[in-house]
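Undergrad: Have a look at this fold, sequence not included:
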Ligand code: B1M
């Protein structure tokens with residue numbers, strides 16, 4: 001019977017080509033122990049943590065996103081999938097952060113007010129830490145006062161904001177406008193990201209750059225920090 005077959009499935013017996021979609025299926029079904037096991041098997045087989053992240057976890061979550069959009073999955077199922085994804089990310093986090101690179105700069109990041117999506121933001125934080133940045137994560141539902149208090153307190157180089165809803169992304173402009181009003185906009189690099197954003201939106205709200213994904217966030221942060229240092233050195 002199909003159910004017995006499911007019960008008997010031994011992940012470590014699967015080839016890489018079979019295991020990766022199986023991890024996607026387990027993520028879809030919210031099976032966090034199985035997702036964690038699959039991630040560990042790929043790592044044991046020599047997969048780089050970033051490859052596991054993108055090809056197994058992020059790819060799996062993309063399918064969840066499509067079925068959520070199409071009304072096939074609902075919030076409770078998506079929450080389970082998100083928890084399964086987090087279980088996999090928890091294994092990868094120390095490995096991604098393990099580069100021992102010199103500190104590149106400091107970023108304060110948070111998901112904007114009204115928005116509770118945090119998986120993408122957490123991924124960006126992990127990748128930034130892995131690239132040698134110090135990251136202060138303000139969590140979800142972050143209001144303008146919390147952002148501004150944190151960038152001042154932490155003497156941050158970068159403010160990062162994440163939004164996953166078309167209804168919450170305009171809040172990024174509120175934060176940037178407040179920075180401008182207080183005369184501190186130019187003191188920080190402002191990077192924004194999240195699925196509904198694009199380059200044009202980033203420009204229109206006065207951010208320094210829009211980052212399509214976590215890898216782009218790292219590259220963009222490096223570029224902007226280097227540019228800042230050069231400006232300071234040039235006087
Ligand atoms: Co929500 N949700 N959700 N959700 N959810 C979306 C975003 C949606 C697109 C689904 C859909 O309809 N297809 C849709 C938004 C539609 C819209 O606004 N146009 C939606 C909706 C409608 C909602 C609710 C309103 C549903 C409801 O209650 N009826 C509700 C809103 C709650 C709220 O925030 N107030 C809601 C709730 C939830 C859950 C709680 C169930 C859960 C979140 C769990 C959690 O995060 N802990 C959830 C999830 C999981 C999703 C989807 C399926 C997946 C999001 C995700 O984690 N993606 C999502 C569908 C989708 O996006 N395709 C959806 C994986 C992640 C790795 O990608 O977050 O894009 P992403 O991050 C990327 C880049 O965007 C970028 O780098 C990341 C890594 O590469 N990036 C940054 C992100 N932030 C950055 C910041 C940076 C730089 C780069 O700063 C420098």
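TA: Cool, the structure landed. The structure displayed is predicted, hence computed values, not measured ones.
Undergrad: contacts for the lengthiest strand in the chain?
TA: Ordering each strand of the chain by length in residues (DSSP state E) puts strand 105-111 first. Here strand 105-111 makes contact (C-beta atoms under 8 Å, 6 or more residues apart in numbering) with 117-118, 121, 124-125, 128, 133-142, 146-147, 150-151, 154-164, 191, 221, 225. In short, each C-beta sits where N, CA and C put it, glycine included.
Undergrad: Give me the buried entries from those residues.
TA: 117-118, 121, 124-125, 128, 133, 135-138, 140, 142, 146-147, 150-151, 156-164, 191, 221, 225 (16 or more other C-beta atoms under 10 Å).
Undergrad: mind listing the strands for the protein?
TA: With DSSP E as the criterion, the chain has strands at 105-111, 133-137, 158-162, 189-193, 209-211.
Undergrad: where does the protein have its least confident helix or strand?
TA: Averaged element by element with mean pLDDT, DSSP states H and E, the chain has its least confident helix or strand at helix 2-8 (a mean of 53).
Undergrad: Present the strands of the chain as JSON lines; the columns should include mean pLDDT and distance to the ligand.
TA: Conversion of the strands of the chain to JSON lines gives the following (pLDDT from 0 to 100; distance: least, C-beta to the nearest ligand atom, whole Å):
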{"stretch": "strand 105-111", "mean pLDDT": "97", "distance to the ligand": "6"}
{"stretch": "strand 133-137", "mean pLDDT": "93", "distance to the ligand": "10"}
{"stretch": "strand 158-162", "mean pLDDT": "98", "distance to the ligand": "3"}
{"stretch": "strand 189-193", "mean pLDDT": "98", "distance to the ligand": "2"}
{"stretch": "strand 209-211", "mean pLDDT": "98", "distance to the ligand": "4"}
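Undergrad: So which residues on the chain come close to the ligand?
TA: Where the chain comes near the ligand, counting by C-beta under 6 Å from any ligand atom, the residues are 58, 61, 64-65, 68-69, 75, 78-79, 82, 109, 114-121, 123-124, 160, 162, 164-166, 191-196, 211, 213-214, 217.
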